[in-house]
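Trainee: Can you look at this prediction? I've put the sequence above it.
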Amino acid sequence: MKLIQKVLIANRGEIAIRIIRSLREMNIKSVAIYSTVDKDSLHVMLADEAVCIGDHRLINSYLNKNAILQAAINTQAQAIHPGYGLLSENASFAKACHHLGLEFIGPHYKTIELMGDKQSARETIRAAGVPIVPGSKGLVSNLDEAHQQAKHIGFPLLVKATAGGGGKGMRICYDKESLSHAYQQAVLEAQTVFGDGSVYMERFIENPRHIEVQILGDKHENIVHLFERECSVQRNNQKMIEEAPAHNIKPATQKKLYDVALKAAHSIQYESAGTLEFIMDKDENFYFIEMNTRIQVEHPITEQITGVDLIKEQIRIAEGRRLSVTQSDLKINGCSLELRINAEDPYDKFKPVSGKIGAIHFPGGHGIRVDSFLYQGYTILPFYDSMIAKIIVHSSSREDAIEKAIRSMEELNIEGIKTNQEFQLEILLSEAFLDNNYDTSLVEKFLKGEIQ
Ligand code: ADP
């Protein structure tokens, strides 16, 4: 066992603070990194130490592997927590940590590599007996091949970047006439955003639900699942509201989901926190779409319903300790919702906004948790992610949790910038959401006025 006494956090914003909080409770020192423009950020103030690693450009700071590794060595940190996004799923960074004797708080770099490529992840997970969305065999490397494969897959279909993430590098195509355009657009976006133009194709499941299963594995082959999350409230293929557990799924389907997720995780000897994402059709057929080999934005709702601190578990696992829970210890307690508050304009294509925060009041009281990095006078910068706060509610039932969520959206007050707060309230109050009758098309249909 390797006791960790100091951890460098290779991230910023709310997740950096979330990690610092668990470290402090575990009596482990924290090192923050920051870019020049982030010097007034809360994560810098809350950490035990902070190192400036470069300017506002991601490639010079939060994605600057050498500068981050050097900071870890200089501050004598034994481990690096990557959070989510940024370098969290970068296999070469995890590998560099490994070679330098730094513990990367996440799975083995080979697992990240395998699952980071969506096409190889599909093949690996399928081989473990998990259903995947029907699609192309391997990558689709030119237009001729795209047309050939489309005959087998059928329309509508999706052209997807194998390096994709964050809803980017995906194009839907409804007929063979528009396939060339969709294919070229997907390749171009994949090349621009991920520096890798490789794409594959899969059937487009109409109006699916997005359901995902949280997994934890240690270095002793113990793997547990921590139930599922429903993440179908999405805008631009990015999550907006998440619920745990999912509602309206037959217990037999739930069990099947957990079994399949465990089988997949065992097949790759998964270590640390991870998530298997599925899409589910109306008949509750579900298909694997990807695995995230990191902590997720929406992890708090799982923590609320299980009582497990997932960040602490990740750290324990990195130290070589056994999971602190067994499968039979884990029970679903009530219902939890997370509302992502973004600095954006929902009525202008969710365009991100920046600016100085004026007065601020966060909701509180029974069953409310706020994970944020905001404070009065802080300036939201245009260089980074637009998510500025997560309001997490927990209660005994879905109805109660929704009431708390509505109350917290009414109570939240962020002055100085536009946010999606009002829009979140409208979605919470929509009939489809209240009636448990929605899928990934909810937000789009709501904006078009097709549902109330
Ligand atoms: P990313 O890695 O960019 O988040 P995912 O593969 O996880 O991409 O998909 C993101 C979202 O896109 C899903 O939650 C779902 O709403 C939609 N989606 C992905 N694949 C399909 C599919 N085959 N059919 C229908 N919707 C899909």
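Mentor: Here it is on my side, so go on. As the structure is a computational prediction, the values presented were derived from the model and not from experiment.

Trainee: Now do the buried residues in stretch 229-241.
Mentor: 229-235, 238-241 (16 or more other C-beta atoms under 10 Å). Every residue, glycine included, has its C-beta placed from N, CA and C.

Trainee: touching the ligand at all, that stretch?
Mentor: Yes: Stretch 229-241 lies within reach of the ligand by C-beta under 6 Å from any ligand atom, at 234, 237.

Trainee: how far out from the middle of the chain is that stretch?
Mentor: Between the centre of stretch 229-241 and the centre of its chain there are 10 Å (C-alpha atoms, centre = their mean, to the nearest Å).

Trainee: From the buried residues of stretch 229-241, which land in helices?
Mentor: Of those, none are assigned to helices by DSSP state H.

Trainee: Format the residues you listed as CSV; extra columns: distance to Tyr62 and pLDDT.
Mentor: Formatted as CSV, the buried residues of stretch 229-241 follow (distance: C-beta to C-beta, whole Å; pLDDT from 0 to 100):
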residue, distance to Tyr62, pLDDT
Arg229, 26, 98
Glu230, 30, 98
Cys231, 25, 98
Ser232, 30, 98
Val233, 28, 98
Gln234, 25, 96
Arg235, 24, 93
Gln238, 19, 92
Lys239, 21, 96
Met240, 24, 97
Ile241, 27, 98
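
Trainee: farthest-separated two in these?
Mentor: Spanning the widest gap among the buried residues of stretch 229-241 are Arg229 and Arg235, at 17.1 Å by C-beta to C-beta.

Trainee: How about Leu3, nearest residue that isn't a chain neighbour?
Mentor: Leaving aside its chain neighbours, Leu3 sits nearest to Glu319 (6.2 Å; criterion: C-beta to C-beta, 6 or more residues apart in numbering).

Trainee: list the contacts for the one you found?
Mentor: By C-beta atoms under 8 Å, 6 or more residues apart in numbering, Glu319 lies in contact with 1-4, 103.

Trainee: Quick check: the gap between it and the ligand.
Mentor: According to C-beta to the nearest ligand atom, to the nearest Å, Glu319 stands 30 Å off from the ligand.

Trainee: outside of the strand or helix carrying Phe433, which residues touch it?
Mentor: Assigned by DSSP states H and E, Phe433 belongs to helix 431-434. Applying C-beta under 8 Å, 6+ apart, the contact partners of helix 431-434 are 233, 241, 402, 427-428, 437-438, 442, 445-446, 451-452.

Trainee: Give me the subset of those residues that lies in helices.
Mentor: Short answer: the contacts of helix 431-434 in helices (DSSP H) are 402, 427-428, 442, 445-446.

Trainee: Please indicate which of these are buried?
Mentor: Looks like these have 402, 427-428, 442, 445-446 buried, using 16+ other C-beta under 10 Å.

Trainee: Let's have these in TSV, adding pLDDT and distance to the ligand.
Mentor: Converted to TSV, those look like this (pLDDT from 0 to 100; distance: C-beta to the nearest ligand atom, whole Å):
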residue	pLDDT	distance to the ligand
Ile402	98	22
Ile427	98	16
Leu428	98	19
Leu442	96	11
Lys445	95	14
Phe446	95	15
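
Trainee: For the ligand, what's its nearest residue on the stretch 1-150 of the chain.
Mentor: Val133 (4.5 Å; C-beta to the nearest ligand atom).

Trainee: That residue: neighbour count?
Mentor: Burial measure for Val133: 21 neighbouring residues, criterion other C-beta atoms under 10 Å.

Trainee: repeat for Lys351
Mentor: Neighbours of Lys351 (other C-beta under 10 Å): 11.

Trainee: contacting residues for the closest residue to it other than its chain neighbours?
Mentor: Distances taken as C-beta to C-beta, 6+ apart put Asp345 closest to Lys351, at 5.0 Å, once the chain neighbours are dropped. Shown in contact with Asp345 (C-beta under 8 Å, 6+ apart): 351, 353, 418.

Trainee: Compute the first-to-last residue distance for stretch 36-51.
Mentor: Using C-alpha to C-alpha, to the nearest Å, the end-to-end distance of stretch 36-51 comes to 10 Å.

Trainee: Rounded mean pLDDT for it, please.
Mentor: Averaging pLDDT along stretch 36-51 yields 98.

Trainee: Not counting its own residues, what contacts it?
Mentor: Against stretch 36-51 from outside (C-beta under 8 Å, 6+ apart): 6, 9, 11-13, 16-17, 20, 29-34, 52, 54-56, 61, 71, 74-75, 373-375, 378-379, 381, 383.

Trainee: For the closest residue in space to Glu298 that isn't next to it in sequence, the count of nearby residues, please.
Mentor: Counting by C-beta to C-beta, 6+ apart, Glu298 lies nearest to Glu242, which is 4.1 Å off, once chain neighbours are set aside. Other residues near Glu242 come to 28 when the count uses other C-beta under 10 Å.

Trainee: what's the answer for the one 5 residues further on, then?
Mentor: Other residues within reach of His247, judged by other C-beta under 10 Å, total 13.

Trainee: re earlier: separate out the buried members of the contacts of stretch 36-51.
Mentor: 6, 9, 11-13, 16-17, 20, 29-34, 52, 54, 61, 71, 75, 373-374, 378.

Trainee: In helices only, show me those.
Mentor: 13, 16-17, 20, 71.

Trainee: Those: which ones sit near the ligand?
Mentor: Of those, not one also sits near the ligand (C-beta under 6 Å from any ligand atom).
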